[in-house]
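[1] Build me a model:
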Amino acid sequence: MRNPIFMISLAIAGTLSFLAFLVWSGPTGTPAPKVVEPAPVVAVTPPAAGVPLVPVAAQTELLLTSAPSGARVYLDGKDTGLVTPTQLTVPSQGFSLMIIKKGYRPYVDSSVLGKVKGRKFHVALARKPRK
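    Next comes the predicted model:
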């Protein structure tokens, strides 16, 4: 006759193995379906009325230099806060450019893109006549 403690231990081990099998394989033996989270909703604000949409690709980097250097740069009539020489992002469709330095005549041009050579543009400012 076998040891009763051995037989009880064997029965418990078998029962635990069977329960572990049921827990890991699920009731039908197939894995549980994966839960797919919905994508987050992103709010998009339309541009204000009257604001022109300019694609980023419709802009050009321009190296702007002047003689003498240190001239103030205005783009489309607005002060850029930059002085020459400077790197400037300009619209590819066209723009007006004004370069101003004290003691020199202002440079004003609205057809700069036709004069740009390889993304570089140089302006030679003329001295104002002495009075």
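[2] mind checking how far T60 is from V41?
    From T60 across to V41, the span is 36 Å (CB to CB, to the nearest Å). The way it works is simple: take the backbone N, C-alpha and C, and place the C-beta from them, glycine included.
[3] ok, these two, which is more surrounded?
    Between T60 and V41, counted using other CB atoms under 10 Å, the more crowded position is T60 (15 against 5).
[4] right, and that one touches V90 too?
    Yes - T60 is in contact with V90 according to CB atoms under 8 Å; the separation is 5.6 Å.
[5] helix or strand right after the lowest-mean-pLDDT helix or strand in the chain?
    Among the helical and strand segments of the chain, the one scoring lowest on mean pLDDT, DSSP states H and E is helix 4-25, with a mean of 73. Scanning forward in sequence from helix 4-25 by DSSP states H and E, the next helix or strand is strand 59-67.
[6] what is the rounded mean pLDDT of the helix or strand that that next one is followed by?
    The helix or strand immediately downstream of strand 59-67 is strand 72-75, counting by DSSP H and E. Averaging pLDDT along strand 72-75 gives 92.
[7] Buried residues of the helix or strand following strand 72-75, list them for me.
    Going down the chain from strand 72-75, the next helix or strand is strand 78-83, by DSSP H and E. When burial is assessed from 16 or more other CB atoms under 10 Å, strand 78-83 yields the following buried residues: 80, 83.
[8] CA-only coordinates of the least confident helix or strand of the chain, as PDB, when you get a sec.
    These are the backbone C-alpha positions of helix 4-25, laid out as PDB (Å, rounded to 0.1, in the frame of the first residue of the first chain):
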ATOM      1  CA  PRO A   4      -1.500   8.300   2.000                       C
ATOM      2  CA  ILE A   5       0.400  11.600   2.200                       C
ATOM      3  CA  PHE A   6       2.100  10.900  -1.100                       C
ATOM      4  CA  MET A   7      -1.300  10.200  -2.700                       C
ATOM      5  CA  ILE A   8      -2.900  13.400  -1.400                       C
ATOM      6  CA  SER A   9       0.100  15.500  -2.500                       C
ATOM      7  CA  LEU A  10      -0.200  13.900  -6.000                       C
ATOM      8  CA  ALA A  11      -4.000  14.700  -6.100                       C
ATOM      9  CA  ILE A  12      -3.400  18.300  -5.100                       C
ATOM     10  CA  ALA A  13      -0.600  18.800  -7.600                       C
ATOM     11  CA  GLY A  14      -2.800  17.400 -10.400                       C
ATOM     12  CA  THR A  15      -5.700  19.700  -9.400                       C
ATOM     13  CA  LEU A  16      -3.500  22.800  -9.300                       C
ATOM     14  CA  SER A  17      -2.000  21.900 -12.700                       C
ATOM     15  CA  PHE A  18      -5.500  21.600 -14.200                       C
ATOM     16  CA  LEU A  19      -6.600  24.900 -12.600                       C
ATOM     17  CA  ALA A  20      -3.500  26.700 -14.000                       C
ATOM     18  CA  PHE A  21      -4.300  25.300 -17.400                       C
ATOM     19  CA  LEU A  22      -7.800  26.700 -17.300                       C
ATOM     20  CA  VAL A  23      -6.700  30.100 -16.100                       C
ATOM     21  CA  TRP A  24      -4.000  30.500 -18.800                       C
ATOM     22  CA  SER A  25      -5.900  29.100 -21.700                       C
END
